[in-house]
Every structure is written in structure tokens, then in C-alpha cells.
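Engineer: model this:
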Amino acid sequence: FVPARRAIDWTIWQTPPERDLINRLLRNPLYHGRKSAFLIGEATAVAIGIARGALELFEELLAKPQRGFMAGAVRGELHEYQEYWGLARAWIDTAENAMLQVARDYTEHCRAWVEDGVPFADEADRAMILVEQHCVKLAWEATDLLFTSAGTSSGRRDSKIARHFRDLAVLRTHGTMRYMRTAPNAARLHFGMAPLSPL
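Structural biologist: Predicted coordinates:
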């Protein structure tokens, strides 16, 4: 049971709570942010973690001698596989750094709303969501490259790298990851027009 004095009638798509709730109920500025960028950020962090896990698994594969037509070769010593690993790491690092910057920006928007009365604008929210969606896109591209470069045996049902590939393939199908929907809405808000959808 939650008493009425401890509850707020508020949904994810509404603007942040009124500032007069600060002293009554919600003292932490993070409670005063828009929830969509916050919640999409959670999935984004998971996507980046999945990609980082795939990179670690790929590195383990690179240390093992090759079988098949390249029998005996250690993939980690080959330029081709070094390039795959290097590209994937750069994409994952870029996604992680961008996500951390979104977290800093989000926190600052919350603080400015609570302390300075600067509204947490819908445009700022959409801009952060768009960056988060592109973080997921980078994580996917890295994981896809690693999976497809790991060899056909990595497609087995019990393959850990295949599990990372499948998990991220499913995560990116969520409706909140549609950057082609968010991009025009972010632009419309910037140019003074109403968005066409909540994201």
C-alpha cells in the first residue's frame, strides 16, 4: 500500500513534476527529469555492456590457434583480425563515452530545472534520446562485426558470442530504438514545430 501523499499522478510522456514538489516529496534533482531519456538510457547501457562482452569473447578467440583452412594460425597475430578487434573497440568506446556524456547532460538539465527554474525542454530530451539510439547502433555494429568475424562455429546454439549477438539483435528491435523516428521529431522541435510522435 502506498499512501496518497507519497504518490504522484504522472506518466512517462508528461513534462517533469512541478518544482513545488521538491520540498514536499522529491528532493533529489534526478526525480525532476524527463523519464524517456532516462529509461532509454538504461537499455543503452545494457547494449553497450553486451557489445563489450562480445569484444572480450572475441579476444579469447584471437588467442586460440585456427582450425580449418587456416589451421595453426593464431588469429590475433593476423592483420585482418586485429582490424576487426580495433574497429569494434573504437565503436564500443565511442558509444560508452557518448552515453556517459548523455548522463552528465541529463543530470545538468535536472539540476537546472530544480535550482535555476530552467525548464527541462522536450527538445533536449529528444536530442539525448537520439544520441542514446546511436549508441545502441554503434554497439550493434560492433557486435555484428565480431560475431560475423568469429567464424561459423560461433553460430552454435551454445556459443556465448552468438548469445550476445542475439540479445543485442532483439534489444535493438524495441520501439524506443527507432532513431529514424526520433531524428525528424528532434528537428521539428528545434524548428518550432510539434513532434509527430512521443519519441
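
Engineer: where along this protein do the helices fall?
Structural biologist: Ranges of helices in the chain, per DSSP state H, are 35-62, 79-111, 122-149, 160-171, 179-190.

Engineer: dump these to TSV, plus mean pLDDT and distance to Pro29.
Structural biologist: All C-beta spots, glycine's among them, are computed from the backbone N, C-alpha and C. Listed next are those as TSV, based on pLDDT from 0 to 100; distance: least, C-beta to C-beta, whole Å:
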stretch	mean pLDDT	distance to Pro29
helix 35-62	96	12
helix 79-111	96	4
helix 122-149	97	15
helix 160-171	96	29
helix 179-190	95	23
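
Engineer: most tightly packed of these?
Structural biologist: helix 122-149 (a mean of 22; mean count of other C-beta atoms under 10 Å).

Engineer: quick one: it to helix 35-62, angle?
Structural biologist: Counting by axes from the mean of the first three to the mean of the last three C-alpha atoms, to 10 degrees, helix 122-149 points 20 degrees away from the direction of helix 35-62.

Engineer: residue nearest the centroid of the chain?
Structural biologist: Thr44 (1.9 Å; C-alpha atoms, centre = their mean).

Engineer: wait, which of the helices of the chain is closest to Pro198?
Structural biologist: Closest approach to Pro198 among the helices of the chain (C-beta to C-beta): helix 35-62, 7.4 Å.

Engineer: which helices and strands sit right next to that closest one?
Structural biologist: Applying 3 or more C-beta pairs under 8 Å, 6 or more residues apart in numbering; DSSP states H and E, we find helix 35-62 packed against helix 79-111, helix 122-149, helix 160-171.

Engineer: for Met193, which of these is the nearest?
Structural biologist: Of the helices and strands packed on helix 35-62, the one closest to Met193 (C-beta to C-beta) turns out to be helix 122-149, at 10.9 Å.
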